[in-house]
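Chemist: have a look at this fold, sequence not included:
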């Protein structure tokens, strides 16, 4: 199955590590994608919050280009926030009351829009490329330490961003309150996913980057839950959530009076990459504030 | 003489959302992580809408903070699309001039728009998420670049046209032109940005 890939949403600048992690993981899983040319930004959340007209027009232009230049039916948007923007735009464009507006935009573009393309996110991609026994066969490294007779699985707190699972009635990709998709994949790879209360807690999107007080208020319960659950690493699929947790973990631990070392924060696709045989040095975790070396050492990898 | 419609009536007419059943529903606050950041919160906001406190509702920065409203939709006892409701309220807030324009959150999201009309794409520096790239000390021109030891700067060119696909800027200019007040009837919500 081939998909059309849309690399917007700061994936080429701030969140290069996320893009790198996702594309590596998908290549290992055998996913095939085509990048669209002449794509334009959609203003991320800015247009959605402040400019309803642009929030429809800008995604529509990219969808039209996708339809024109590729033969695929799926429009893959790796960035969770941008995926929401596309999902909402497609939903609004399908509504009869926006028919005239859609026609006007299409006329301006001079290209047909059939509404063929459906936006998909990273959860859709992982689900469709790990079905059946395929994923089991691809695993090259178990996410566990200890010896072969008594392996001790890596304890992982899996955070699935709520942006990837909503609106529930349209997506139905995972359980919104207790997501299992990522958990199942990591458990197949040998990790132990701890039960914790922040499995799908919202972490503020861009708020974490612009307002310290908000970031701390949103990160504190997540950090506390992960420490109390006895996790060794927190994994997520939202680059802004990773940044918020990584940046404010020490401060949150100080405020909460938590003892011990801060937990490494990684992308879920980083752990999947490790299980699929990718080297630790190529993951791009060197930029994280909290070192991820304890995770690598735990599963028997050495970092030069 | 007919009195003007209340805010709740307008919502019912425009969006077919009836909030009357949710007057005493406090469950929204318990599932929304943004409640810790908001002054009002969704439940209190619903009460204010029903009480027709138009100014309080439309001037509240909470409209821009409650980005996880879909969590409330999941548990609502009546099928209400809160995302849609907040979209409509934000548009009303902007068109009625009550938007909290001095609030840093509002200003932050406004920054996403000029970057698009200039470059067609968004970069971290455009919205203040990365330091802006300073121009190098050496002069430009052919010899300046030839003798400069610094790495050549990556120039950000506007998007290139490819055959058959209309350019971004022409499209953006056209869409921008639709903001003319006389043509506002065809906009997705009643109001657009100022």
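Modeler: Cool, the structure landed. Since this is a predicted model, take the numbers as computed values, not measurements.

Chemist: need the contact partners of stretch B:55-70.
Modeler: A:45, A:49, A:162, A:166-168, A:202, A:204-205, A:207, B:7, B:32-34, B:37-42, B:45, B:48-49, B:82-83, B:85-86, B:89-90, B:92-93, B:96, B:98-100, B:103, B:105-106, B:109 (C-beta atoms under 8 Å, 6 or more residues apart in numbering or on different chains). The C-beta positions use only the backbone N, C-alpha and C, and glycine is treated the same way.

Chemist: change it to 7 Å
Modeler: A:49, A:162, A:166-167, A:202, A:205, B:7, B:32-34, B:37-40, B:42, B:45, B:48-49, B:82-83, B:86, B:89-90, B:92-93, B:96, B:98, B:100, B:103, B:105-106, B:109 (C-beta atoms under 7 Å, 6 or more residues apart in numbering or on different chains).

Chemist: could you tell me the end-to-end distance of that stretch?
Modeler: Taking C-alpha to C-alpha, to the nearest Å as the measure, stretch B:55-70 stretches 24 Å from start to finish.

Chemist: got the buried residues for that stretch?
Modeler: Within stretch B:55-70, the residues that count as buried by 16 or more other C-beta atoms under 10 Å in any protein chain shown are B:57-70.

Chemist: now the two most distant members of those.
Modeler: B:59 and B:70 (23.8 Å; C-beta to C-beta).

Chemist: give me the helix or strand of chain B that scores worst on average pLDDT.
Modeler: helix B:141-147 (a mean of 65; mean pLDDT, DSSP states H and E).

Chemist: now do the strands in the stretch 1-150 of chain A.
Modeler: Using DSSP state E, counting those that start in this stretch, the strands of the stretch 1-150 of chain A run over residues A:2-5, A:32-35, A:74-76, A:118-120, A:144-146.

Chemist: nearest to chain B, of the ones you listed?
Modeler: strand A:32-35 (12.8 Å; C-beta to the nearest C-beta).

Chemist: still on that earlier bit, packing partners for the very next helix or strand once past the least confident helix or strand of chain B?
Modeler: Per DSSP states H and E, helix B:141-147 leads on to helix B:168-177 as the next helix or strand towards the C-terminus. In terms of contacts (3 or more C-beta pairs under 7 Å, 6 or more residues apart in numbering or on different chains; DSSP states H and E), helix B:168-177 is packed against helix A:52-69, helix A:99-109.

Chemist: now those in TSV, with mean pLDDT, distance to residue A:218 and mean neighbour count?
Modeler: TSV is the format used below for the helices and strands packed on helix B:168-177 (pLDDT from 0 to 100; distance: least, C-beta to C-beta, whole Å; neighbours: other C-beta atoms under 10 Å in any protein chain shown):
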stretch	mean pLDDT	distance to residue A:218	mean neighbour count
helix A:52-69	92	24	24
helix A:99-109	91	35	16
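
Chemist: could you dump these to TSV with distance to residue A:80?
Modeler: Listed next are the helices and strands packed on helix B:168-177 as TSV, based on distance: least, C-beta to C-beta, whole Å:
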stretch	distance to residue A:80
helix A:52-69	15
helix A:99-109	25
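
Chemist: ok, which of those helices comes nearest residue A:281?
Modeler: Closest of the helices and strands packed on helix B:168-177 to residue A:281 is helix A:52-69, at 34.4 Å (criterion: C-beta to C-beta).

Chemist: dump the buried residues of stretch B:55-70 into TSV; add distance to residue A:238, pLDDT and secondary structure as well.
Modeler: Formatted as TSV, the buried residues of stretch B:55-70 follow (distance: C-beta to C-beta, whole Å; pLDDT from 0 to 100; DSSP: H, G, I helix; E, B strand; the rest coil):
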residue	distance to residue A:238	pLDDT	secondary structure
B:57	30	96	helix
B:58	30	96	helix
B:59	30	96	coil
B:60	26	95	coil
B:61	23	94	coil
B:62	22	95	helix
B:63	22	95	helix
B:64	19	94	helix
B:65	18	93	helix
B:66	18	93	coil
B:67	12	91	coil
B:68	12	91	coil
B:69	17	92	helix
B:70	15	90	helix
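
Chemist: helices or strands next to the worst-scoring helix or strand of chain A on mean pLDDT in the packing?
Modeler: The helix or strand of chain A with the lowest confidence, counting by mean pLDDT, DSSP H and E, is helix A:168-171 at a mean of 78. Packing contacts for helix A:168-171, counted by 3+ C-beta pairs under 7 Å, 6+ apart, involve no helix or strand.

Chemist: tell me which residues in that helix are buried?
Modeler: In terms of neighbour count (16+ other C-beta under 10 Å), helix A:168-171 has its buried residues at A:168, A:171.

Chemist: just the pLDDT for residue B:122.
Modeler: pLDDT, residue B:122: 84.

Chemist: do the same with the one 10 residues further on
Modeler: For residue B:132, the pLDDT comes out at 74.

Chemist: also residue B:184?
Modeler: We have a pLDDT of 48 for residue B:184.

Chemist: over to residue B:18?
Modeler: We have a pLDDT of 93 for residue B:18.

Chemist: same question for residue A:265.
Modeler: Listed pLDDT for residue A:265 reads 97.

Chemist: across the sheet, point out what pairs with it.
Modeler: Beta-bridge pairing for residue A:265 (DSSP bridges): residue A:234.

Chemist: spit out the contact partners of it.
Modeler: Shown in contact with residue A:265 (C-beta under 7 Å, 6+ apart): A:234, A:242, A:245, A:246, A:288, A:290.

Chemist: run a quick neighbour tally on residue A:28.
Modeler: Residue A:28 is flanked by 18 other residues according to other C-beta atoms under 10 Å in any protein chain shown.

Chemist: with adjacent residues omitted, what lies nearest to it?
Modeler: Take residue A:28 and drop its neighbours on the chain: the residue closest to it by C-beta to C-beta, 6 or more residues apart in numbering or on different chains is residue A:276, 4.2 Å away.
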